[in-house]
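> Structure here, sequence nowhere to be found:
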């Protein structure tokens, strides 16, 4: 069973930008067609920045909150950071909501 921090997830999901990032990472090929590298490692942070239209530091802060909540994972390849959804944590959160509320 996947361990989750429900409070951290609620905090992460309280912000519409973070919900949009999470939503766009659900369909990376559709939402980030400009990414030339394989989506196997996730979506490049630069592509997420461009998609959000916010500063790099703002998007980085949002990604850090999502990562700390366990909703996304990151992989570094050279100088680039790639992010993808952590589907196991997302499903465990949805299951917890269903059973606890």
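That came in fine, so what should we check first? Predicted model only: the values in this text are computed from it and were never measured.
> Report the buried residues of stretch 15-22.
Residues of stretch 15-22 classed as buried by neighbour count (16 or more other CB atoms under 10 Å): 17-18, 21-22. C-beta: built from backbone N, CA, C; applies to glycine.
> which pair in the residues you listed spans the largest distance?
Farthest pair in the buried residues of stretch 15-22 (CB to CB) is 17 and 22. Separation: 9.8 Å.
> Which residues in stretch 34-43 does the neighbour count mark as buried?
35, 41-43.
> Please read the previous query as pertaining to stretch 82-98.
Here stretch 82-98 shows 82-86, 89-90, 92-93 as buried, counting by 16+ other CB under 10 Å.
> ok, back up a step: could you list which of the buried residues of stretch 34-43 belong to strands?
Cross-referencing the buried residues of stretch 34-43 against strands under DSSP state E gives residue 43.
> just to revisit the earlier point, list just the nearest of the buried residues of stretch 82-98 to residue 2.
Nearest member of the buried residues of stretch 82-98 to residue 2, counting by CB to CB, is residue 92, at 4.2 Å.
> where's that closest one, which helix or strand?
Using DSSP states H and E, residue 92 falls within helix 87-100.
> List of residues touching that helix?
1-4, 6, 9, 22, 69-71 (CB atoms under 8 Å, 6 or more residues apart in numbering).
> okay, those in JSON lines with pLDDT next?
Shown next, in JSON lines, are the contacts of helix 87-100 (pLDDT from 0 to 100):
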{"residue": "1", "pLDDT": "67"}
{"residue": "2", "pLDDT": "79"}
{"residue": "3", "pLDDT": "84"}
{"residue": "4", "pLDDT": "94"}
{"residue": "6", "pLDDT": "94"}
{"residue": "9", "pLDDT": "97"}
{"residue": "22", "pLDDT": "97"}
{"residue": "69", "pLDDT": "98"}
{"residue": "70", "pLDDT": "97"}
{"residue": "71", "pLDDT": "98"}
